[in-house]
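Engineer: got a sequence here, can you build the structure:
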Amino acid sequence: MKKILVCYDGSEWSKKALSEAINLSKKFDSHITVLSVVPQVCFLEIGIDCATVESIFKAETEGNLNVAKKILKEEGVKGETLLLEGTPADVIVDHARDNNYDLIVIGSKGKDATERTLFGSVTLKVASNAAQSVLIVR
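Structural biologist: Model prediction:
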C-alpha cells in the first residue's frame with residue numbers, strides 16, 4: 001500500500017481518519033494525500049452572494065488543511081494536502097480513481113448534517129462507488 005487518500009473536513013471524525021492513515025503510513029511507508037473538497041453551494045437561486053459564500057467555505061477549508069499539514073509534519077510522514085471543488089463524494093471517488101490510490105480513509109460522519117440531509121452521506125457514497133478499498137473510521 002503506497003498511496004493513501006484521506007478525506008478531511010476538519011471534523012473530529014476526519015481527524016480520527018487522518019490519525020488512522022498516519023498509523024498505516026508509518027507501518028507501510030505510504031504517502032498520504034489529505035483531500036478537502038469545497039462543495040458547490042450555489043446551485044439554487046436563493047438570493048445570496050455566491051462568491052462570498054464560496055470564499056468563506058474555501059477559507060475555512062484552507063485553514064483545516066493547514067492543520068492537517070502541520071499534523072503530517074509533526075508525525076514525520078510523507079504527505080501533502082489538496083483542495084478541490086465540487087460535489088464531495090464525486091470528487092473524492094474520481095480523484096482516487098484518476099490518481100491510483102490504494103486506499104481511501106474517511107470518517108464515519110462528516111462536519112455538516114445539513115449537507116447529509118440534502119445530498120446523502122458522503123461516506124456512504126464514497127464507500128459505494130469507489131474502486132479502491134475504503135476504510136471508514138469511527
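
Engineer: so what's the residue count around Val37?
Structural biologist: By the criterion of other C-beta atoms under 10 Å, Val37 has 23 neighbours. Just so you know, the C-beta spots here come from the backbone N, C-alpha and C atoms, and that holds for glycine as well.

Engineer: check what pLDDT the nearest residue to it once chain neighbours are set aside gets.
Structural biologist: With sequence-adjacent residues excluded and distances taken as C-beta to C-beta, 6 or more residues apart in numbering, Val37 is closest to Pro88, at 4.2 Å. With respect to pLDDT, Pro88 scores 93.

Engineer: which residues does Pro88 contact?
Structural biologist: Listed by C-beta atoms under 8 Å, 6 or more residues apart in numbering, the contact set of Pro88 reads 7, 37, 39, 115, 122.

Engineer: among the residues you listed, which are in strands?
Structural biologist: 7, 37 (DSSP state E).

Engineer: using pLDDT, spot the least trustworthy of the contacts of Pro88.
Structural biologist: Scoring the contacts of Pro88 by pLDDT puts Glu115 last, at 49.

Engineer: quick one: buried residues of the top helix by length along the chain?
Structural biologist: Using DSSP state H to define each element, the chain has its longest helix at helix 50-75. Residues of helix 50-75 classed as buried: 54, 57, 61, 64-65, 68, 71-72 (neighbour count, 16 or more other C-beta atoms under 10 Å).

Engineer: ok, stretch 20-31 next?
Structural biologist: Within stretch 20-31, the residues scored as buried using 16+ other C-beta under 10 Å are 20-22, 24-25, 30-31.

Engineer: can I get those in TSV including distance to Ala130, pLDDT and secondary structure?
Structural biologist: Output for those, formatted as TSV (distance: C-beta to C-beta, whole Å; pLDDT from 0 to 100; DSSP: H, G, I helix; E, B strand; the rest coil):
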residue	distance to Ala130	pLDDT	secondary structure
Glu20	17	98	helix
Ala21	15	98	helix
Ile22	20	98	helix
Leu24	16	98	helix
Ser25	19	98	helix
Ser30	17	98	coil
His31	18	98	strand
